[in-house]
Each structure stands twice: as C-alpha cells, then as structure tokens.
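Participant: One predicted model, sequence on top.
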Amino acid sequence: MGQIQLKKVTKSFGSTEVIPPLDLTIEDGEFTVFVGPSGCGKSTLLRLIAGLEDITTGHIEIDGQDATSVVPAKRGLAMVFQSYALYPHMSVRKNIAFPLRMAKLSQTAIDQKVEAAASVLNLTDYLDRRPGQLSGGQRQRVAIGRAIVREPSAFLFDEPLSNLDAALRVGMRLEISELHERLKTTMVYVTHDQVEAMTMADKIVVLQAGVIEQVGTPLELYRTPRNIFVAGFIGSPKMNFMTGSEAAKHSAHTIGIRPEHINVVESGGDWQGTVGVAEHLGSDTFFHIHNTGLAETLTVRAIGDVSLKHGDTIHLSPRVDDIHRFDAAGLRIS
Amino acid sequence: MARSVTTQRKALTTVAAWTIALIIFFPIYWTILTSFKTEAQAINDPPLFFAFDWTLENYSVVQERSDYMKFLWNSVIIAGGSTVLGILIAIPAAWSMAFVPSQRTKDILLWMLSTKMLPAVGVLYPISLIFVKFDLLDTRGGLLVVIMLINLPIIVWMLYTYFREIPGEILEASRMDGATLKEELLYVLTPMAIPGIASTLLLNFILAWNEAFWTLNLTAANAAPLTAFIASYSSPEGLFFAKLSAASTMAIAPILILGWFSQKQLVRGLTFGAVK
C-alpha cells in the first residue's frame, strides 16, 4: 500500500507563501513525477510529504491515515536525495543496513536483506568500501539500496540524477524505471528535467510557483496541455508560440505548435524564413529559423538529415490539426 | 631572479618564525631551567644559563611539602569532568543551532559569547554566595560545574562551526531511515563530527586545566587542582623561585605532553572551516 493524499496543504516560510492551498492524490503503485522550473516548490512539496518540513495548514494522509504530524521516521517512506546523503563514516554495507538497524531487525535478517539489495543493484563487490571510494553512479545505487531494503510504502526521489553525467543519467533512469516495474511501489520523483518526467512517469504533476498547473499522463500533457505554461514546459525542443494575425486566423489569442509538427517543404508552404542555426543530429535536424514574421525564432524538427544550412530560405507547412489554441488568459481553447 | 627572491623570503620567514617561537617558549624554558637550580642560583645576577649545579632538590622538597598526586588527581577530575559534561550539554545545543536554527539563533550565539566578555571577577560575589549557600566551597563537583559553565560558550561555538560543515541532508536521510533524535545524534552526527569534537575536547581540557581564577577563589585544600598547587609556592614572604619553578614544571608537564601528542588535532581544530 502506498497511497498519498494531500488535502488543502499550504506551506509558508515566514510571511512568504511558497505553496498555496493544494490538493493532490498519488495512487498506490503509481510513478508520479513533480516537474517544474527551479523554485516552483516541487522539492518543498516532496519534503512536506516526507515530513522533513512541517506543513503550515492542511492534511497529509498516507494510506488513509492522517500523517500530518507524524515524524519522518514513522511515515514508512524512503527518500533518495540529490546529494545521495550517504553516511560517509560507514561502509556501503552499513549504509544499506542503517534503516534496518534502526528498525531493530536481527543481524541475520539485516545481512540477508543487505546482500539481496546489493545483488539487485550490482553492489556486492563494493559492500566493504566507503562512499568516498565510489563513483557517482555507485553512490546513487547505494542511496537507492538504502531506500529499498526497508520496503517502504513509497519512495521519494529528490532530483536523484542531477549530479550524474549525461550518459550515466540515462542508464540510471532506466534502472529506476525497471525498479518500479519490479517493486510496483509508489514512487514520487522530483525533477526539473521534462525528459526524465516524460520517460519515467505514469503521472506528471506540473508545478509553477507552488501551484499545480496540470496533472496527467505524459501523453495527455503533450497532446492537450491545459495552458501555455504546460505547453511550453513539456516537449523538447520547446513549442513555438505565435500571437497576432496568425493566431487570429485560428480565432485564438495565442497559438502554439511543436517543432515536430511543422513540415519542411521544397517550395510554397504557409510560412517561410531564413535558417539561423541548423543542428544535425543524424536522426533529426533542428532548424532555428528567423525572419518568419511569426515569432522571433521558430524551431522546426525535420526527420532525417535535411541539407539546409545557415542563411538558406526554408519553406514550412504546419500541421493544422496539431495547432494548440490559447485564449488571452493563456488557457487552452478546445 | 624570482628564485632568489623566494629563497630570501623563505629564509626571512623561517628566522621570524623561530624568533617568535623562541620568545613564546622562553618563559617555559626559563621555568624548567630554574627548577633545576638552587634558590641562590635562581636569583643570581647575571642570570645563569647553563653553568650552574644541576639539582633535583627542588622537586623532592616540593613533593615532600605537598601531595602532588592529590593536586594532579583533582586537576584531572575537574578538567576532565567539566569537559565531558560541557560536551554532553553542548552537542544537542550546537545541533539545534546548526540544523534547526530559529530567527533568534544568531542572537543567542552572540549572547552566549558575550558572557565571555564579562570579567570573571564581576560574578565572583554571586557565585561565592551560591557556593556558600549550597555548601560547595572547596568541592570538586562545584568547581567542575563552574569551570564547565565558564567554557560552555566556547564549546558550543566550536561545535556549532563544525556542525555547520556537515550537510543537513545526511541528517535528514537518517531521519527518513527511521532514526530517532537520539540515534541521529549518536550514530550519524557524532561520528561524522569526531575530529571537531576531539579538538573541542582537547582545547577545553587545556583551558580547564589552566584555569586559575575560580580554582584559587573557590578551593582551599580538598579540591585544589594544580593551579592552586603552583600558587601555594609563590609566597610573598620569601623568595622560592626554584621551588615555584619546580612546582610549575610539575603542573604543566601533563598538559604539555598531552598537547605535544595531539598537535595535529589541535591545529586542525583551530583552523577548521578556514579551508573547505
């Protein structure tokens, strides 16, 4: 079990309200990702769930039990920190065993569980090392090992991959996803990286300034963003936005179209402009186009290698069905 | 060119360092030297540096006249006890100031430090009265508590600085791992802060060992530590420089030896936080 419910939760630091009243339900077994720009309150929200910060008003329920004033140790949650937060004076074995020791398990049970966790995470050879002697990826695995041994009702991850290099990050992302598939335990994951959110989540919670902008599956957010903020935040490269006459044609205040929904055509097309920067990735080509009269820069994704270069004129044809329309308040017009 | 300048500068700083070190060391050296002279040689003019009859007489006289071991034992108990008691009180205090600071934490820290600015004699009267009232005069327990209180601000400040260097996330991790506050302090914070705690212990032990004002005012015979032992030889009616020196040498020897063996810890402790 691992259902987490936030009911009218608020958080203020002094007179600054960082989280206005917020309601959210995280279902048992779900992989939920909190995503948003820096300072949007996503880490604070996670810390409120963990109990590391006290909520100012409202209630938190874990498995239907009011956990608002329960200390972190008694909430049955495990957390993986951005800095790994391993105990530097203990060996890997002792680090992983620590929560079990605190739970007063017998030494044989502890050894058994530590060995099992170590073998799952490929840490068996490193059990007697200190965290200082491990690489970033190994440290992260120790932190995860320490979290899984106590079989918590939910895992909380606070930007766990942001200290790793790009290649390792992709690997660990898969490992965490696989772990979720295997354990089927509720996971709450905080990140500012929308790619992590899109690839890992069952459910994404997009936050801005402590307010939930939208909750949905990755594809729901991609296909039907509720407002301009979500539309711009989800998807890479970013959605193009246009106002003025082009938006008026679609009877909207602002329209948005994703780079992958604009076709590059030989000639004609609805729009044209000058290629500024062309990024050739082999599988795709990203064009940053100027002088379109629509927006300062228009980003277009073309499949394969398209041989247009800086200064060339490019002809574009948007897929009309994939244009998102927003009103003056920035909300989606359906 | 550049090389000769650095060599020159190096030589200069070396000479300066040695000069300062010798000036600081000279009184200790002179005390030890004098303790091996006769009373007449001790006040000889011009002063005698090496050419005198080395004697151990002063030591045997001092030992005969007063029970060195009793004073030593009192010093160990008072300095050790006040240090241990101080650390036990200071760890939770420094923990709360470093990891759960309130808006007033800085003020409290400064206020604690401000008590060190007060001249000790300013509270001599009230403390003496308390001692009389509670029958604490000339007891080791009473002196131990007073010395602990005198040094407590320094212990809290030192520990606070060390604890500030420990990432709070590690303590939060222990809380998430199910550790109670006691377990968090015992298994996570304290082992991580061992170097800092050790140098705090050491420095506080030295401060308590050398404390003279309160020991002289609050003890007489039973609880008198080594500082009182030295003072008993600085008699105004006679010149007993050699015996005074012997007593001083005996009193500072234990702490000097302790300091010598723990130099590394002490230097690290005093410069901790300067370089990360």
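Facilitator: Received the coordinates, thanks.
Participant: Number of residues surrounding A:H310?
Facilitator: When neighbours are defined as other CB atoms under 10 Å in any protein chain shown, A:H310 has 11 of them. (Each C-beta comes from the backbone N, C-alpha and C, glycine too.)
Participant: Which other helices and strands does the helix or strand hosting B:I32 contact?
Facilitator: Assigned by DSSP states H and E, B:I32 belongs to helix B:2-34. When contacts are defined as 3 or more CB pairs under 8 Å, 6 or more residues apart in numbering or on different chains; DSSP states H and E, helix B:2-34 sits against helix B:241-261.
Participant: A:A67 contacts A:G51, correct?
Facilitator: Yes. Under the criterion of CB atoms under 8 Å, A:A67 makes contact with A:G51 at 7.3 Å.
Participant: Need the residues touching each of those two.
Facilitator: Common contact partners of A:A67 and A:G51 (CB atoms under 8 Å, 6 or more residues apart in numbering or on different chains): A:R75.
Participant: Look at these two and report which has more neighbours.
Facilitator: Legend: neighbour count by other CB under 10 Å for A:A67 and A:G51, higher for A:G51 (24 against 21).
Participant: Next up, the contacts around that one.
Facilitator: Residues near A:G51 by CB under 8 Å, 6+ apart: A:A67, A:V70, A:V71, A:P72, A:R75, A:L77, B:R175.
Participant: So the second one, which state does it fall into?
Facilitator: When states are read from DSSP: H, G, I helix; E, B strand; the rest coil, the local structure at A:V70 comes out as coil.
Participant: count of residues packed around it?
Facilitator: Other residues lying near A:V70 total 14 when counted by other CB under 10 Å.
Participant: Can you pull the residues of the stretch 51-200 of chain A lying near chain B?
Facilitator: A:51-52, A:71-74, A:77-79, A:81-83, A:85-89, A:98-99, A:102-103, A:146, A:150, A:156 (CB under 8 Å from any CB of the partner chain).
Participant: Which residue is the nearest non-sequential neighbour of A:G136?
Facilitator: Once flanking residues are discounted, A:G136 sits nearest to A:L164: 5.2 Å by CB to CB, 6 or more residues apart in numbering or on different chains.
Participant: err, A:I62, not the other one
Facilitator: Distances taken as CB to CB, 6+ apart put A:I4 closest to A:I62, at 5.5 Å, once the chain neighbours are dropped.
Participant: quick one: which of the residues of the stretch 51-200 of chain A next to chain B sit in strands?
Facilitator: Members of those lying in strands (criterion: DSSP state E): A:L77, A:A78, A:M79, A:L156.
Participant: Around residue 181, how many other residues sit close by?
Facilitator: Just going to use chain A. Counted with other CB under 10 Å, the neighbours of A:E181 add up to 9.
Participant: nope, chain B please
Facilitator: Neighbourhood size, B:L181 [other CB under 10 Å]: 14.
Participant: Kindly state the pLDDT recorded for it?
Facilitator: Reported pLDDT at B:L181 in the predicted model: 89.
Participant: Please report phi then psi for it.
Facilitator: Backbone torsions of B:L181, given as degrees, to the nearest 10, read phi -60, psi -40.
Participant: Kindly provide the distance from it to chain A.
Facilitator: Per CB to the nearest CB, to the nearest Å, B:L181 is found 9 Å from chain A.
Participant: Show me what from the stretch 151-276 of chain B comes close to chain A.
Facilitator: By CB under 8 Å from any CB, the residues of the stretch 151-276 of chain B that approach chain A are B:167, B:169-170, B:172-180, B:183, B:187-188, B:191-192, B:194.
Participant: Now go through those residues and say which are in helices.
Facilitator: Counted as lying in helices by DSSP state H, out of those, are B:E169, B:I170, B:E172, B:A173, B:S174, B:R175, B:M176, B:E183, B:P191, B:M192, B:I194.
Participant: Mark which of the residues you listed are buried, thanks.
Facilitator: Neighbour counting with 16 or more other CB atoms under 10 Å in any protein chain shown marks B:E169, B:I170, B:E172, B:A173, B:S174, B:R175, B:M176, B:E183, B:M192 as buried within those.
Participant: Using pLDDT, spot the least trustworthy of the residues you listed.
Facilitator: B:M192 (87).
Participant: Isn't that residue up against B:I166?
Facilitator: Yes. When contacts are counted by CB under 8 Å, B:M192 is listed as touching B:I166 (5.5 Å).
Participant: Right, and chain B sits closest to which residue of the stretch 101-250 of chain A?
Facilitator: A:M102 (3.9 Å; CB to the nearest CB).
Participant: Do I have it right that that residue meets B:A173?
Facilitator: No. Applying CB under 8 Å as the test, A:M102 and B:A173 come out as separate, 11.4 Å apart.
Participant: picking up where we left off before, without its sequence neighbours, what residue ends up closest to the residue of the stretch 101-250 of chain A closest to chain B?
Facilitator: The shortest distance from A:M102 to any non-neighbouring residue, by CB to CB, 6+ apart, is to B:G178 (3.9 Å).
Participant: Just the pLDDT at that neighbour, thanks.
Facilitator: B:G178 is given a pLDDT of 91.
Participant: Tell me how far it lies from A:L22.
Facilitator: Distance from B:G178 to A:L22, counting by CB to CB, to the nearest Å: 27 Å.
Participant: Quickly note the distance from the residue nearest to A:I62 to A:V264.
Facilitator: The spacing between A:I4 and A:V264, counted by CB to CB, is 46 Å.
Participant: Same check on A:K113?
Facilitator: A:K113 is 56 Å from A:V264, by CB to CB.
Participant: now swap in B:I32 and tell me
Facilitator: Between B:I32 and A:V264 the distance is 92 Å, computed by CB to CB.
Participant: Could you list the low-pLDDT ranges of the chain?
Facilitator: Defaulting to chain A. Within chain A, the stretches with pLDDT under 70 are A:1.
Participant: my question was about chain B
Facilitator: For chain B, applying pLDDT under 70 flags the ranges B:1-4, B:235-239, B:268-276.
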